[in-house]
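>>> with the sequence up front, the predicted model follows.
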Amino acid sequence: MAEMRLLANLITEMGNTKGQKLNGEDVLELDNFNILSKSITAMTRRETGEQKSGFKLRLGYLLKKLMKIMKGHYIQLRMDTKATEVESFSAL
C-alpha cells in the first residue's frame, strides 16, 4: 500500500507542476519527462535544500516497477506503440 500512496503523491505533484489533472499513464509519457523530473526534485528536497536520497531511491524503484507493469499491460492489450514508448522511457 505504501507504493500506491507514493505513486499517488507523485501523480499529484506532477499535476500541480503541470497545472492540470493527470493519471497514472501520464507518468510514463515521454512528453511529461521534464515534469516528472521537476516533480521528483520537488518531492525529494527538504526545507533546508538538502536532498532526501533514500526517498529518491524509493521513487526510482517505484518507476522501474511501474514501467515493467505498464509494458506488460500494454502488450496484453496489443498496444505495441505504447509498449515501445515505455521501453523508450526506460532508456532515459
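On my side now, so go ahead. Numbers count the residues shown, from 1 in each chain.

>>> let me know the secondary structure of the spatially most central residue of the chain.
For the chain, Val27 is the residue whose C-alpha lies nearest the centre (Cα atoms, centre = their mean; 4.3 Å). What DSSP: H, G, I helix; E, B strand; the rest coil gives for Val27 is helix.

>>> list the contacts of it.
If you count contacts by Cβ atoms under 8 Å, 6 or more residues apart in numbering, Val27 has them with Leu7, Leu10, Ile11, Met14, Leu36, Leu63, Leu66. For every residue, glycine as well, the C-beta is placed using N, CA and C.

>>> go through these and name the one nearest Arg45.
Leu10 (14.3 Å; Cβ to Cβ).

>>> my guess is that closest one contacts Met43. True?
Yes. When contacts are counted by Cβ atoms under 8 Å, Leu10 is listed as touching Met43 (6.9 Å).

>>> joint contacts of those two?
By Cβ under 8 Å, 6+ apart, the residues touching both Leu10 and Met43 are Leu59.

>>> who has more neighbours out of the two?
Leu10 (21 against 17; other Cβ atoms under 10 Å).

>>> buried stuff in the helix or strand hosting the more buried one?
Element membership of Leu10, judged by DSSP states H and E, is helix 2-18. By neighbour count with 16 or more other Cβ atoms under 10 Å, helix 2-18 contains the buried residues Leu6, Leu7, Leu10, Ile11, Glu13, Met14, Gly15, Thr17, Lys18.
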